[in-house]
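Novice: Dropping the sequence and predicted coords here.
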Amino acid sequence: MNDQSGGDLVQIVIWSLLLIIVTSFYIGAGVFSSRSPRLRNWPQHRYLLFITGVLSAGAAIFGPLAELAHMDFRYHMISHLLLGMLAPLLLVLAAPVTLILRTVPPAKARQLTSLLRSRYVSFISHPLTASLLNIGGLWILYTTGLYPLMHESLWLRILVHVHVFFAGYLFTLAMIYIEPVAHRYGYLYRTIVFVFALAAHGILSKYLYASPPEGVTKTKAETGSMIMYYGGDIIDAIIIFILCLHWYKSASPRKISAAGT
């Protein structure tokens, strides 16, 4: 076994253990908190959402798809959709922060709540900030020399993967309020920000179609850009549906009350 193969094996083992530990903690917290007579059972579908989200992220960072993504822009875009869009959406819907708050002792829950209300968390979870971190990060990745560099440096690649995931998670968290947040912004405001972010993502995919990143052939860039454009639209459509559904539900009681008077 050469050094490269050995390094790849170590990465796979480390990432696998990390994802197994995270998943085990989530399942354990759900089972433990469900035993409390004061709380309802943790919904079964959230276990499925969390596990699927973890598997989506895992497929993007190690294994066959990750190997192909390292060499082929088309598979890189599939990896991007899994790590930066689908996995964050599934994990937000799984509500891990809510699960932690109902599992830990009250004193720890209050400390975590204080952290969630801090200026830093409020700033990075603001819809505008989250959009800039998410979409702005992608523009920097693909329109500068960062994309070819990440394939030459392991640590830079890890850093990019971490940013793509957490930026996508923050963006989803800022658009649909599944988890508790310190400052709730209105539906219209979030919708406007989301529309601009969606447009920026679409413009980037069209830009890459015409101007491939360094080292990417035109054919692969065109296919990869189409994957980014249409695949992103599918996931964004789910976020739009959830946002509109929440908006409708929030307005429904007022409509019923007005009709009654």
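Specialist: Now that the structure is in, tell me what you want to look at.
Novice: How many residues are close by the closest residue to residue 124 other than its chain neighbours?
Specialist: Leaving aside its sequence neighbours, residue 124 sits nearest to residue 170 (CB to CB, 6 or more residues apart in numbering; 6.1 Å). From N, CA and C alone the C-beta is placed, and that goes for glycine too. A total of 22 residues lie near residue 170 under the criterion other CB atoms under 10 Å.
Novice: how about the helices in the chain?
Specialist: Taking DSSP state H, the helices of the chain run over residues 3-34, 44-61, 64-71, 73-81, 87-94, 96-103, 106-116, 119-124, 127-131, 137-143, 146-150, 154-175, 187-210, 218-260.
Novice: OK, contacts around the residue nearest to residue 124?
Specialist: Applying CB atoms under 8 Å, 6 or more residues apart in numbering, we find residue 170 in contact with 124-125, 130, 133-134.
Novice: Of the helices of the chain, flag the one that's most buried.
Specialist: helix 87-94 (a mean of 25; mean count of other CB atoms under 10 Å).
Novice: how near is the residue nearest the centre of the chain to residue 71?
Specialist: Among the residues of the chain, the one closest to the centroid is residue 88, at 2.3 Å (CA atoms, centre = their mean). For residue 88, the distance to residue 71 (CB to CB, to the nearest Å) stands at 25 Å.
Novice: now the contacts of residue 170 in TSV, with pLDDT and distance to residue 76?
Specialist: Below are the contacts of residue 170 laid out as TSV (pLDDT from 0 to 100; distance: CB to CB, whole Å):
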residue	pLDDT	distance to residue 76
124	91	26
125	90	28
130	95	23
133	95	20
134	95	17
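Novice: Turn the residues you listed into a markdown table, including distance to residue 236.
Specialist: Putting these into a markdown table (distance: CB to CB, whole Å) gives the following:
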| residue | distance to residue 236 |
| --- | --- |
| 124 | 21 |
| 125 | 19 |
| 130 | 14 |
| 133 | 17 |
| 134 | 12 |
